[in-house]
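Trainee: The amino acid sequence is not available; the structure is as follows:
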């Protein structure tokens, strides 16, 4: 067997080294992002304790300001950022040209992270895991193609690896991140070297463990052993899948038809401020339950917190607030809010039918089905929830719920909302 030239071997080692260093950089950025979310949560709770009516002023001003600054200085930092990444990966034109257009410079990536944190603190339903995918792709692309300019890996592979690494570092879910890259990001495309994809994900995951400590994303105090009846395990994924599809339709088709068209950053900011006022009123009505990323709500529901023993409307509340936040156009993800929506519907179903002993199962099934209806990546979603919760014995049931969620979501929206938004980016009217 012919050995590659010595110089070629060293160049390949250099490529692997640069990708690994990119993974470390993404991990450090995501640890800072996580600290920002915790600070935002503490700030929001402090403001709620002082007086929830402060949000009638704070939420419109901050969301309007964020939208104005985003349109003015970093328009492609808006929303979650996943459609931008998909647009680069699936483009038929030059990948580098699309990357320069849709991805973010390191400064704009920092801008997006800061804006997401501010939105979390001031009453929006904003997640950081969706933005982490765009930020990871942007940082890896900047590192390998702009700063170093020596790496000989295809731009599409670099962006795919960076996006998956961002997800792995944000969620602490390396296996789910690999599956997301293969099932969704690079679906239908052949990746020349799986090693180039795996390396930064593994390195970033180890870096997060080393620098941030080992902690599961959702800390579960006790795992319930009581399985719900078969009809409940069927009904919850069906409901969550339908609602996920309906929410996606409202976000990408219904709301654009209803809301006025904005043509300037000032108009966009004013519209976001108006929606922010509605969000603030809704947040006051729900005692702050509608606000934030939803991670604290999902964790409480998974631990069957007593505060939700008689609550029937968590899923509806989080659906409304997530949809309204998306309508503002500010930098904000919907992955973790989607987990909270699904968890809420699972809890609501358990309370409604008095299935308290198996409530934890129904919450997990709801999370999986709803997120699958949003992502349209059933295997990835099931594995993500298993890694997030540690419910390894439920893997088969979560796969079933994930598949049902995808099928039912297609009743309202054939493609995922990310695919619809990606096509609008690539082929604007």
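Mentor: The structure has been received and is ready for your questions. Not measured: the values here are computed from a predicted model.

Trainee: residues near residue 43, how many?
Mentor: Per other Cβ atoms under 10 Å, the neighbour tally for residue 43 reads 15. C-beta coordinates here come from the backbone N, C-alpha and C atoms, glycine included.

Trainee: quick one, what contacts it?
Mentor: Residues near residue 43 by Cβ atoms under 8 Å, 6 or more residues apart in numbering: residue 121.

Trainee: pLDDT score assigned to the residue nearest to residue 304 when sequence neighbours are not counted?
Mentor: Closest residue to residue 304 apart from its sequence neighbours, by Cβ to Cβ, 6 or more residues apart in numbering: residue 359 at 5.2 Å. On the pLDDT scale, residue 359 is placed at 93.

Trainee: Which residues are in contact with residue 359?
Mentor: Residues near residue 359 by Cβ under 8 Å, 6+ apart: 224, 304, 346, 347, 350, 351.

Trainee: Residue 291 too?
Mentor: So residue 291 contacts 44, 55, 123, 124, 125, 279, 283, 321 (Cβ under 8 Å, 6+ apart).

Trainee: Strands - which of the residues you listed land there?
Mentor: If you go by DSSP state E, these have nothing in strands.

Trainee: Looking at the residues you listed, state which has the most neighbours.
Mentor: Top of those by neighbour count (other Cβ under 10 Å): residue 124, with 36 neighbours.

Trainee: Was I right to think that one contacts residue 59?
Mentor: Yes - assessed by Cβ atoms under 8 Å, residue 124 is found in contact with residue 59 at 7.2 Å.

Trainee: Mutual contacts of these two, please.
Mentor: Joint contacts of residue 124 and residue 59 (Cβ under 8 Å, 6+ apart) are 276, 279.

Trainee: between the contacts of residue 359, which is closest to residue 418?
Mentor: The closest of these to residue 418 turns out to be residue 346 (Cβ to Cβ; 23.4 Å).

Trainee: Tell me, how many residues neighbour that closest one?
Mentor: 34.

Trainee: Which pLDDT value goes with it?
Mentor: 96.

Trainee: Check the secondary structure at the closest residue to it other than its chain neighbours for me.
Mentor: Closest residue to residue 346 apart from its sequence neighbours, by Cβ to Cβ, 6+ apart: residue 366 at 2.8 Å. Classification of residue 366 by DSSP: H, G, I helix; E, B strand; the rest coil places it in helix.

Trainee: Can you name the residues that contact residue 366?
Mentor: 236-237, 239-240, 315, 342-347, 349, 401.

Trainee: and if we set it to 7 Å?
Mentor: By Cβ atoms under 7 Å, 6 or more residues apart in numbering, the residues touching residue 366 are 236, 240, 342, 343, 345, 346.

Trainee: what about the residue lying closest to residue 391 once chain neighbours are set aside, how many neighbours?
Mentor: Nearest residue to residue 391, sequence neighbours excluded (Cβ to Cβ, 6+ apart): residue 364, at 5.6 Å. Residue 364 has 31 neighbours, counted by other Cβ under 10 Å.

Trainee: So that it lines up with my notes, have the first residue be 4 from now on.
Mentor: Yep, numbering from 4; the last one is residue 367 now.

Trainee: wait, doesn't residue 367 sit right on residue 385?
Mentor: No - using Cβ atoms under 7 Å, residue 367 is not in contact with residue 385, being 10.3 Å away.

Trainee: Mind listing the shared neighbours of the two?
Mentor: The overlap between the contact sets of residue 367 and residue 385 (Cβ under 7 Å, 6+ apart) consists of residue 401.

Trainee: any residues touching stretch 330-340, and which ones?
Mentor: Against stretch 330-340 from outside (Cβ under 7 Å, 6+ apart): 66, 69-70, 73, 80-83, 115, 118-119, 122, 127-134, 258, 262, 271, 275, 278-279, 296-298, 321, 325, 328-329, 374, 377.

Trainee: Got the domain ranges for this structure?
Mentor: Domain assignment for the chain, taken from automatic domain parsing, gives 9-215, 233-429.

Trainee: Switch the ones you listed over to JSON lines; also include distance to residue 222.
Mentor: Shown next, in JSON lines, are these (distance: least, Cβ to Cβ, whole Å):
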{"stretch": "domain 9-215", "distance to residue 222": "12"}
{"stretch": "domain 233-429", "distance to residue 222": "7"}
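
Trainee: separation between residue 312 and residue 368?
Mentor: According to Cβ to Cβ, to the nearest Å, residue 312 stands 19 Å off from residue 368.

Trainee: ditto for residue 386
Mentor: For residue 386, the distance to residue 368 equals 15 Å [Cβ to Cβ].

Trainee: Between the two, tell me which one has more neighbours.
Mentor: More neighbours surround residue 368 than the other of residue 386 and residue 368, with 34 against 24 (other Cβ under 10 Å).

Trainee: how about the nearest residue to the more buried one, chain neighbours excluded?
Mentor: residue 404 is the one closest to residue 368 (Cβ to Cβ, 6+ apart), at 4.4 Å.

Trainee: just checking, the one you found touches residue 238?
Mentor: No - judged on Cβ under 7 Å, residue 404 makes no contact with residue 238 at a distance of 10.8 Å.

Trainee: Who has more neighbours out of these two?
Mentor: Neighbours per residue (other Cβ under 10 Å) separate residue 404 from residue 238, with residue 404 holding more: 34 against 17.

Trainee: what about the more buried one, which SS state?
Mentor: The assignment at residue 404 comes out as helix when based on three-state DSSP.

Trainee: what's the spacing between the residue lying closest to residue 329 once chain neighbours are set aside and residue 420?
Mentor: Spatial nearest neighbour of residue 329, excluding adjacent residues (Cβ to Cβ, 6+ apart): residue 254 at 5.1 Å. Counting by Cβ to Cβ, the separation of residue 254 from residue 420 is 6 Å.

Trainee: Ok, residue 321 next?
Mentor: Going from residue 321 to residue 420 by Cβ to Cβ gives 16 Å.

Trainee: Could you do residue 178 as well?
Mentor: Going from residue 178 to residue 420 by Cβ to Cβ gives 25 Å.

Trainee: Name the residue in the two with the higher neighbour count.
Mentor: Between residue 178 and residue 420, residue 420 has the larger neighbour count (other Cβ under 10 Å), namely 28 against 15.

Trainee: show me the contacts for the more buried one.
Mentor: Listed by Cβ under 7 Å, 6+ apart, the contact partners of residue 420 are 251, 254, 255, 377.

Trainee: On the three-state scheme, the first one is what?
Mentor: What that stands for is residue 251. Applying three-state DSSP: residue 251 is helix.

Trainee: I figured it hits residue 416, correct?
Mentor: Yes - look at residue 251 against residue 416 with Cβ under 7 Å: they come within range, at 4.5 Å.
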